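Participant: sequence first, predicted model second:
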Amino acid sequence: MTTPPLLLASDLHKAYNGKPALKGVGLSLQAGEMCALLGPNGAGKSTLLQLLTGLFNPDQGQITVLGHDMQTQPALALRGLGVVFQQSALDMDLPVLSNLLFHTDLHGIPRRTARARIDEGLAAMGLTDQGRAVVRSLSGGTRRKVELVRALLHQPQVLLMDEATVGLDPGSRQQLLDTVRGLCRERGMAVLWATHLIEEAQMADRLLLLHEGAARFDGSVDAFMQAAQGSDFQTEVLRQLEKKGL
Ligand SMILES: Nc1ncnc2c1ncn2[C@@H]1O[C@H](COP(=O)(O)OP(=O)(O)OP(=O)(O)O)[C@@H](O)[C@H]1O
């Protein structure tokens with residue numbers, strides 16, 4: 001028996017000043033699944049994430065999170081989503097703890113519960129002793145981990161990561177990827193991981209390959225590799241991207 005997807009998007013269209021940025025993209029995320037959203041600059045990744053986070057509405061198409069429609073029930077839909085944006089959502093001049101409490105207050109989480117979740121989240125990232133540190137004083141990798149702790153405080157079932165590893169050294173990148181993979185396995189969280197780095201996409205369960213606003217591939221990484229017929233992942237990605245637009 002198949003379970004309903006945690007996030008479902010169908011036939012999304014979005015144009016800027018008449019120029020299409022998304023041309024009928026769909027996406028379905030199951031519990032425990034990590035899906036890489038891969039595409040070159042201008043492919044439409046940020047546009048798709050902005051639609052999925054309810055930042056603006058699609059010109060056409062529908063998005064539901066845990067069965068709640070993003071346009072008609074945005075509060076319920078957004079409750080199910082955690083987001084780590086490309087741009088930091090943290091106040092650089094405030095301590096980590098204040099930043100995290102700001103987020104739990106926004107979500108109406110009682111302070112006692114909030115404190116317990118913050119302690120747990122920081123401990124899970126190895127940041128127990130960083131609660132009082134001002135964000136600006138932290139390394140880029142540590143800030144990203146704090147962003148992830150923040151995004152998980154309201155216990156979302158779907159996590160959207162937008163180019164979350166930009167600016168991180170290879171060790172920190174791998175650590176963040178491993179942490180997120182662990183969340184999929186241990187908590188059954190569904191993750192959409194937007195990246196333009198081919199080697200990151202290869203570590204996901206699924207791949208949504210976007211080019212010029214349309215999906216070039218949507219399926220398991222295993223199926224993608226079968227289609228590659230002996231080529232490596234990177235060669236196959238480049239081959240798919242070089243195909244003439246549909
Ligand atoms: N606010 C905007 N106004 C006009 N055009 C836009 C706007 N945002 C994006 N676009 C255009 O839409 C298309 C898709 O852009 P988008 O930023 O979604 O791609 P992307 O895959 O996230 O690219 P990148 O990897 O460079 O961030 C591009 O042609 C871009 O120029």
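Facilitator: Great, that's in hand.
Participant: any idea which helix or strand carries the closest residue in space to residue 60 that isn't next to it in sequence?
Facilitator: Sequence neighbours aside, residue 13 is the residue nearest to residue 60 in space, at 4.0 Å (criterion: Cβ to Cβ, 6 or more residues apart in numbering). To be clear about C-beta, it is placed using only N, CA and C from the backbone, and glycine gets the same treatment. Under the criterion of DSSP states H and E, residue 13 resides in strand 7-16.
Participant: report the angle between the very next helix or strand once past that strand and strand 7-16.
Facilitator: Moving toward the C-terminus from strand 7-16, the next helix or strand (DSSP H and E) is strand 19-29. Between strand 19-29 and strand 7-16, the angle comes out at 180 degrees (axes from the mean of the first three to the mean of the last three Cα atoms, to 10 degrees).
Participant: if we can go back for a sec, tell me how many other residues surround the residue nearest to residue 60.
Facilitator: Using other Cβ atoms under 10 Å, residue 13 has 16 neighbouring residues.
Participant: contacting residues around it?
Facilitator: 20, 22, 23, 24, 58, 59, 60, 61 (Cβ atoms under 8 Å, 6 or more residues apart in numbering).
Participant: do the same with residue 207
Facilitator: 35, 36, 38, 201, 217, 218, 219, 220, 221, 224.
Participant: then residue 198?
Facilitator: By Cβ under 8 Å, 6+ apart, residue 198 lies in contact with 38, 233, 234, 237.
Participant: ok, the first one touching residue 238?
Facilitator: No. Here residue 38 lies out of contact with residue 238, judged by Cβ atoms under 8 Å, at a distance of 11.3 Å.
Participant: looking at these two, which one has more neighbours?
Facilitator: Set side by side, residue 38 and residue 238 show more neighbours around residue 38, with 27 against 12, by other Cβ under 10 Å.
Participant: burial count for the closest residue to the more buried one other than its chain neighbours?
Facilitator: Spatial nearest neighbour of residue 38, excluding adjacent residues (Cβ to Cβ, 6+ apart): residue 201 at 4.2 Å. Using other Cβ under 10 Å, residue 201 has 25 neighbouring residues.
Participant: likewise residue 197?
Facilitator: So residue 197, with other Cβ under 10 Å, has 13 neighbours.
Participant: likewise residue 226?
Facilitator: Around residue 226 there are 10 residues (other Cβ under 10 Å).
Participant: I am finished for the moment; much appreciated.
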